[in-house]
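Need coordinates for the following:
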Amino acid sequence: MTLPEQATGEPAAWPAPGTRPDHPRAGAAVWGCLIGFLGGLLGLGPWLVTGTRLPLQNLWGAEVMPEQMPVSLLPLSQYELTTIVALLTVGGAAAGLTVRILFPAQRRLATWWAAAGLLAVQVAAAVQSFTVLDGGLTGGRMASLYFAGLLGGVTASLAASLVALLLLASKSRGLTALGAGLVAVPFASWAVEWVVGFVGHVNVPVAVPSIARWIPALLVGCALAWSGLRPARRAAVWLVNLALLWVVPALFISVNYVLGSRVLAGDMQETLLMGRQILAATLGPKGGALPTVVMALAVALAGLGIRYFAARRRPGQGPSTLSPP
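This next block holds a predicted model:
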């Protein structure tokens, strides 16, 4: 077999796999689906390394030891709802960012196929987990409410994962930066879950939570510096991202506190009241969010300054080139 000849009569190299000029869309679809599939697995990674035993359940039908619980691809529990959010949204973010980097030409096609691959993994994990949970729970109204509440939380997390993928795969720098702000806090939780997965909850180093607190601020600051402030509508992205950095940690703290309190179990009115009180306290001046917001803003402004002076030093470039559309 001989190589195809070019117009000059010289042999031409065979195209690389997945880049055949006569089937560019097929290659983008296949690679997009694979990226989504791997992104879903990556997001679930911190849970997969633990052995994927379903957490102990207050409403389980039999008394068992933790190691006797069935295998579940999601840690379904009222105590792990924010962990589930992190596992799913980070998977979507990873897939979206990869598509943005690797597919500048066939981005739309690759994005939708990546979404298909991502949802194939995450929906399959959810179906397997809820099947296991449903088979072990006791009957009754409380068990039904518990199951429905977890199902609603996981469904919302799947939607957030898809939104993260679409934002981070977008051609717009502003939308991509907005996606980074959306997943910044879940990403910090996801990173901590890797440590927990390897060393266990009891052996987590004291420094890990302190370091994790600043990870969202660094991510948001870098994303805003990369996005820039031109055109002027990018200022809205800055405001939204800084607001997310203030609000999302408060939501995570409130959800963990309220759902983790067995005293409130079954009392919906008291649960909502306590949730509002905790959220108001964490959003207030004593909630501790202000330093992270200030740090994110400082990182963003410092990054803009570095880009400005770097652009001035390059011939033919100036501040107007800092934020391409």
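
domain parsing for this protein?
23-171, 200-325 (automatic domain parsing).

Serialize those to CSV and add fields for distance to Ser189 and mean neighbour count.
Quick note: C-beta positions are derived from backbone N, CA and C, even for glycine. As requested, these are arranged in CSV below (distance: least, C-beta to C-beta, whole Å; neighbours: other C-beta atoms under 10 Å):
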stretch, distance to Ser189, mean neighbour count
domain 23-171, 4, 19
domain 200-325, 7, 15
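
Among those domains, show the one with the smallest mean pLDDT.
Ranked by mean pLDDT, the domains of the chain bottom out at domain 200-325, which scores a mean of 82.

Any idea how far that domain is from the middle of the chain?
How far domain 200-325 lies from its chain's middle: 14 Å, per C-alpha atoms, centre = their mean, to the nearest Å.

returning to what we had before: save the domains of the chain as JSON lines, and put in distance to Ala188 too.
Below are those laid out as JSON lines (distance: least, C-beta to C-beta, whole Å):
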{"stretch": "domain 23-171", "distance to Ala188": "8"}
{"stretch": "domain 200-325", "distance to Ala188": "4"}
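
of all these, which lies closest to Gly181?
Nearest to Gly181 among these is domain 200-325 (3.3 Å), distances taken as C-beta to C-beta.

thinking again about what came up before, for Val183, find the nearest of the domains of the chain.
domain 23-171 (4.3 Å).

Identify, by residue count, the longest helix of the chain.
helix 107-136 (DSSP state H).

before we move on, back to that, among the domains of the chain, which is nearest Trp194?
Of all the domains of the chain, domain 23-171 comes closest under C-beta to C-beta, at 4.7 Å.

Distance check, Leu87 against Ala191.
12 Å (C-beta to C-beta, to the nearest Å).

what's the host helix or strand of Thr89 packed up against?
Here Thr89, judged by DSSP states H and E, is contained in helix 81-102. Under the contact definition 3 or more C-beta pairs under 8 Å, 6 or more residues apart in numbering; DSSP states H and E, helix 81-102 sits against helix 24-48, helix 107-136, helix 141-168, helix 173-199, helix 234-259.
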